[in-house]
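**Student:** build me a model from this:
(4 chains)
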Number of protein chains: 2
Amino acid sequence: MQGVETFLESKSIRVTAMRILIYNFLSDKDVAVTLSDIENAFDKADRTTLYRTIKTFEDKEIVHQIDDGTGVTKYALCEPNCHCDLETDLHLHFHCTECGATICLTDHKIPKIKVPKGFVAEHVNLVVKGTCDKCNCD
Amino acid sequence: MQGVETFLESKSIRVTAMRILIYNFLSDKDVAVTLSDIENAFDKADRTTLYRTIKTFEDKEIVHQIDDGTGVTKYALCEPNCHCDLETDLHLHFHCTECGATICLTDHKIPKIKVPKGFVAEHVNLVVKGTCDKCNCD
DNA sequence: TATATCCATGCAATGGAAGTGCATTAATCG
DNA sequence: CGATTAATGCACTTCCATTGCATGGATATA
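**Tutor:** Sure, this is the predicted structure:
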């Protein structure tokens, strides 16, 4: 994929084979993944490399972190032109307690939240737990 | 406090010195606490005891768990008559990124969240991050 | 081209938090 | 008081996140 390389460059991320692989892995998934998921997909690579690659992606705002309450951090690609802004970019996440999948509901923006006087909101984390469409078919 | 003992009994929790102390510790706080916080407050007690006491309190629905995204679980007393129900009891939590405090905004109930067709919502975790009233005074 | 520099990678190790098994002590009930 | 049941304490384990250091590859510079 020529596209990925130029995309990474446009985000001032140095292009390496590993990074392209990880990016493609993430973009193939429609659910958020853990570090272990990536680890299992790339046996040959070291855990630290994967970890730092994800951190780099995060810094450059092409990946966002999700805390779905399971205790392990999950990651997913951001939408194009995402800056993880409170007003425009934040979407809610759905965690299925049956299959364990965590899904970005990117078209479900987070409603405006009122906070008490004196408080300043900068970020919102909204996770809905329940059962997903696939699990409800059974 | 005679009141605490009868309260615990009413929840069918066996009354011990430790449990009274922990309950009072929690009710003195207006912020959610971590297990380590409790540990530091009670040097003499073993971590496991504190851990299991909190779990007991959770089971009996007098304490709720909060995942504010810091990676460590926090705990706070429930409101009276709370059953941690989706519709009536769930409130939002505010996490201050400056002082690290996590606060229950019990009068801020969680707005009704729409999820896509096929999905069933059972629980919602809503954490707003930013700076709290105390930190904004500086 | 040679060399210096910067950064990605890999290995090893650490630290923190959650959780479990088992033995001991304390509380309740008959 | 004696027996049963539950609470406490200790030791350990596991899992995940994170960091330090050494190495190797890519890039820029002379």
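**Student:** use CA for all of it now, contacts and neighbours both
**Tutor:** Noted.
**Student:** where along chain A do the strands fall?
**Tutor:** Taking DSSP state E to define them, one finds strands in chain A at A:33-34, A:63-66, A:74-77, A:91-96, A:102-109, A:120-131.
**Student:** and the second one, how far out from the chain's middle?
**Tutor:** Taking Cα atoms, centre = their mean, to the nearest Å, one finds the center of strand A:63-66 at 3 Å from the center of the full chain.
**Student:** please identify the deepest-packed of the strands of chain A.
**Tutor:** Comparing the strands of chain A by mean neighbour count (mean count of other Cα atoms under 10 Å in any protein chain shown), strand A:91-96 ranks first with a mean of 24.
**Student:** in its sheet, what does that strand sit against?
**Tutor:** Next to strand A:91-96 in the sheet, as set by DSSP bridges, lie strand A:102-109 (antiparallel), strand A:120-131 (parallel).
**Student:** make sure A:Glu98 is actually in contact with A:Thr131.
**Tutor:** Yes. Using Cα atoms under 8 Å, A:Glu98 is in contact with A:Thr131, at 6.2 Å.
**Student:** ok, and the closest non-adjacent residue to the residue most central in space within chain A?
**Tutor:** Nearest to the geometric centre of chain A sits A:Ala76, at 2.1 Å (Cα atoms, centre = their mean). For A:Ala76, ignoring the flanking residues on the chain, the nearest one in space by Cα to Cα, 6 or more residues apart in numbering or on different chains is A:Ala32 at 4.8 Å.
**Student:** what pLDDT is listed against the one you found?
**Tutor:** Looking at A:Ala32, its pLDDT reads 97.
**Student:** what does the one 4 residues further on give?
**Tutor:** At A:Ser36 the predicted local distance difference test score is 96.
**Student:** which residues are in contact with the residue lying farthest from the centre of chain A?
**Tutor:** Each residue of chain A has a distance to the centre, and by Cα atoms, centre = their mean the biggest one is for A:Lys117: 31.8 Å. Applying Cα atoms under 8 Å, 6 or more residues apart in numbering or on different chains to A:Lys117 gives the contacts B:Asp133.
**Student:** within range of chain B, give me the residues from chain A.
**Tutor:** With Cα under 8 Å from any Cα of the partner chain as the criterion, chain A meets chain B at residues A:67, A:69, A:71, A:108, A:114-115, A:117-134, A:136.
**Student:** please redo it, this time with the cut-off set to 6 Å
**Tutor:** A:118-133 (Cα under 6 Å from any Cα of the partner chain).
**Student:** go back to those and keep what's next to DNA strand D.
**Tutor:** Among the residues of chain A next to chain B, not one lies near DNA strand D by Cα under 7 Å from any atom of the strand.
**Student:** get me the contact residues on chain A for DNA strand D.
**Tutor:** For chain A, the residues in contact with DNA strand D (Cα under 7 Å from any atom of the strand) are A:Thr34, A:Leu35, A:Ser36, A:Arg47, A:Thr48, A:Tyr51, A:Arg52, A:Gly71, A:Val72, A:Thr73, A:Lys74.
**Student:** 6 Å - rerun?
**Tutor:** Contacts of chain A with DNA strand D, taken as Cα under 6 Å from any atom of the strand, map to A:Leu35, A:Thr48, A:Tyr51, A:Val72, A:Thr73.
**Student:** neighbours of the closest residue to the third one other than its chain neighbours, just the number please.
**Tutor:** To tie it back to what came earlier, the one meant is A:Tyr51. The spatially closest residue to A:Tyr51, leaving aside those adjacent along the chain, is A:Leu35, at 6.8 Å (Cα to Cα, 6+ apart). A:Leu35 has 17 neighbouring residues, counting by other Cα atoms under 10 Å in any protein chain shown.
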